[in-house]
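# quick one: sequence and predicted model below, then my questions.
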There are 2 protein chains.
Amino acid sequence: MRSYGQFCALARALDVVGDRWTLLIIRELAARPCRFRDLAEGLPGIATNLLADRLRMLTVEGVVEHDPVGGTYQLTQRGRGLGGALKALVRWGIPLMASGQGTDESRVHWLSLAISAIFEDTTAGEPVRVQVVTGAPEIEIVAHQQGTDTRIGNVLSPHVILSGPQELILGALSGDISLESAEKVGLVITGSRVALRRLIAARR
Amino acid sequence: MRSYGQFCALARALDVVGDRWTLLIIRELAARPCRFRDLAEGLPGIATNLLADRLRMLTVEGVVEHDPVGGTYQLTQRGRGLGGALKALVRWGIPLMASGQGTDESRVHWLSLAISAIFEDTTAGEPVRVQVVTGAPEIEIVAHQQGTDTRIGNVLSPHVILSGPQELILGALSGDISLESAEKVGLVITGSRVALRRLIAARR
DNA sequence: CTGCATCCGCTTCGATACTG
DNA sequence: CAGTATCGAAGCGGATGCAG
């Protein structure tokens, strides 16, 4: 991409990460170190030459580094600094999921990212453990006094299990739709609704 | 831009605001309502057809609305929701300003945006008033107990006046370079260094 | 088989000229 | 002033090739 030629922090940031696909590559690497094929798998639709180009540019810019031993790419410290911008964009994008999946591709770790953005900085005096089921693998949400952890895996003895279409799970967790209306159109809640409501109410 | 075809909040957000120029248009509108030529003036290098295309798309997406009376474009509520993502990207981009302006274009309100991102959520028990001078118009920073206001204008009786190259002002205010080294290469500090240090230390 | 590079048709961008 | 029209250049997407 050509530089915008503007002496502006936003324009300079976009000179580095504003290209098509670039922030999605960073999304993948924010979840875990990846090999080239992991990235290609997590970025359905990208041309492999473009992926190689972007990785080269991000490496030059100090956002990504390549580990020659494991053959993986990972974010540098500077790259991890994009986490806040990533989360903010994810939060803004969540309402855009409400229209449903359609023919779009789907990955569990994308859903996990969205949930973790919803519950960023959320604390709960009484711990809440939630299991989210949308096909394997599953996602666990654990809210406690220090914060909320969202990860792929099976939580031990969850207070509540959510299953159903992703847009309903996200809509309910983000507070955009009520539990009642979500359940009417396909959300299944198993276990303690009280715990679930506490989690949703604690969100900030 | 083609959709990424991914059922992911980030990808859906980028389907809307990930095109080239789009976030820069939102940057302009975040500062003030703009007429078409204001936007063109604040987006040096954009082709007018592209600007028209983007405004149309952003209007359809509910991010921007056109006021037929004043002939201005402005952000909708939904568009203002991008403020957090914008600020996060600006913060990340500030170190990229350190290399200096070169042949890039410059606008005072871009600098003001960067400064406001630096002092987002910064509070000061004892108020601090700072004037930034990099050619007219000037920027005022006022930190107080409730937060910090950054705007274009002249502050009344500032505790300290900063002038010099933008990258030094930003480097000093963001804490990336010390006041001493900034002064050695061209930053001019007039007034109370103590007040300035208090402001910089209060930054979060 | 992984990790790219090359090629090519197509879309988007950039610059400028033009119009209501 | 506020865009639209046009056209060459650059970037993207998809298929394929090929080296380690």
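Cool, got the structure.
# tell me how many other residues crowd A:T123.
Neighbour count for A:T123, taken as other Cβ atoms under 10 Å in any protein chain shown: 13. Bear in mind the C-beta positions are built from the backbone N, C-alpha and C, glycine included.
# does chain B sit close to the top helix by length along chain A?
Across chain A, the helix with the greatest residue count (assigned by DSSP state H) is helix A:48-60. No - Helix A:48-60 is not in contact with chain B by Cβ under 8 Å from any Cβ of the partner chain; minimum separation 12.6 Å.
# then stretch A:181-190?
No - counting by Cβ under 8 Å from any Cβ, chain B has no neighbours in stretch A:181-190; the shortest distance is 15.7 Å.
# helices of chain A, start to end?
With DSSP H as the criterion, chain A has helices spanning A:9-17, A:22-31, A:36-42, A:48-60, A:77-80, A:83-93, A:108-118, A:166-173, A:179-184, A:193-202.
# please identify the most buried of these.
Ranked by mean neighbour count under mean count of other Cβ atoms under 10 Å in any protein chain shown, the helices of chain A are led by helix A:9-17, which reaches a mean of 25.
# for it, name the packing helices and strands.
With contacts taken as 3 or more Cβ pairs under 8 Å, 6 or more residues apart in numbering or on different chains; DSSP states H and E, helix A:9-17 sits against helix A:22-31, helix B:22-31, helix B:83-93, helix B:108-118.
# near chain A at all, the third one?
Right, helix B:83-93. Yes - using Cβ under 8 Å from any Cβ, helix B:83-93 reaches chain A at B:84-93.
# got these as JSON lines, with pLDDT columns?
Shown next, in JSON lines, are the residues of helix B:83-93 next to chain A (pLDDT from 0 to 100):
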{"residue": "B:G84", "pLDDT": "97"}
{"residue": "B:A85", "pLDDT": "98"}
{"residue": "B:L86", "pLDDT": "98"}
{"residue": "B:K87", "pLDDT": "98"}
{"residue": "B:A88", "pLDDT": "98"}
{"residue": "B:L89", "pLDDT": "98"}
{"residue": "B:V90", "pLDDT": "98"}
{"residue": "B:R91", "pLDDT": "98"}
{"residue": "B:W92", "pLDDT": "98"}
{"residue": "B:G93", "pLDDT": "98"}
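# need those in TSV (columns: distance to DNA strand D).
Shown next, in TSV, are these (distance: Cβ to the nearest atom of the strand, whole Å):
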residue	distance to DNA strand D
B:G84	26
B:A85	20
B:L86	22
B:K87	25
B:A88	22
B:L89	18
B:V90	22
B:R91	25
B:W92	20
B:G93	19
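# and of these, the nearest to A:G175?
For these, the residue nearest A:G175 by Cβ to Cβ is B:G84; the value is 16.9 Å.
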